[in-house]
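Engineer: Build the 3D model from these lines:
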Amino acid sequence: MQTQQTYQRTEKGQKLVAHAMTKMIIWWNEEGIRLGNGNESFTMHSRDNIGNRRSHNADLGISRLKKYAYTWKTRIKLAIIYDMHTGKPLWRFENGSWFMV
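Structural biologist: Numbers count the residues shown, from 1 in each chain. Here you go, the predicted model:
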């Protein structure tokens, strides 16, 4: 199934995606969340930079994604964090808990 992008990213947003080391895809368990259908997903890219420095830290990006998912834990059916370079899943969030894949 192919999804359509319903918005245009800004230049700054596109730069964030290009430099992201990981991404998280969330599937919601309720209707009316973000995209309006519980079967649809929401993709969020990591913010790996430390302050204003140009150094990137993958662990920091992953912890930020995990924190975001944990704040929505009652509404998330499934969330998976992927490595952007290899495409392999790293972490899985189900039933309010994170599991290493």
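
Engineer: gap between the most centrally placed residue in the chain and A69?
Structural biologist: Of all residues in the chain, the one closest to the mean position by Cα atoms, centre = their mean is M24, 2.4 Å from it. Between M24 and A69 the computed distance is 7 Å (Cβ to Cβ, to the nearest Å). Quick note: C-beta positions are derived from backbone N, CA and C, even for glycine.

Engineer: what do you get for S41?
Structural biologist: According to Cβ to Cβ, S41 and A69 sit 13 Å apart.

Engineer: V17 and G96, how far apart?
Structural biologist: 28 Å.

Engineer: how about the strands in this structure?
Structural biologist: Counting by DSSP state E, the chain has these strands, from start to end: 22-28, 41-45, 76-83, 89-94, 97-100.

Engineer: Out of those, which is closest to H56?
Structural biologist: H56 lies closest to strand 22-28 among these, at 10.5 Å (Cβ to Cβ).

Engineer: Okay, now the sheet partners of the closest one, with direction.
Structural biologist: strand 41-45 (antiparallel), strand 76-83 (antiparallel) (DSSP bridges).

Engineer: I'd like the ones you listed laid out as JSON lines, including mean neighbour count.
Structural biologist: Shown next, in JSON lines, are the strands paired with strand 22-28 (neighbours: other Cβ atoms under 10 Å):
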{"stretch": "strand 41-45", "mean neighbour count": "16"}
{"stretch": "strand 76-83", "mean neighbour count": "19"}
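
Engineer: what's the least confident stretch among the ones you listed?
Structural biologist: Lowest mean pLDDT within the strands paired with strand 22-28: strand 41-45, at a mean of 84.

Engineer: Any chance you could list what contacts that strand?
Structural biologist: Strand 41-45 is contacted from outside by 3, 16-17, 20, 22-28, 34-35, 65, 68, 84, using Cβ atoms under 8 Å, 6 or more residues apart in numbering.
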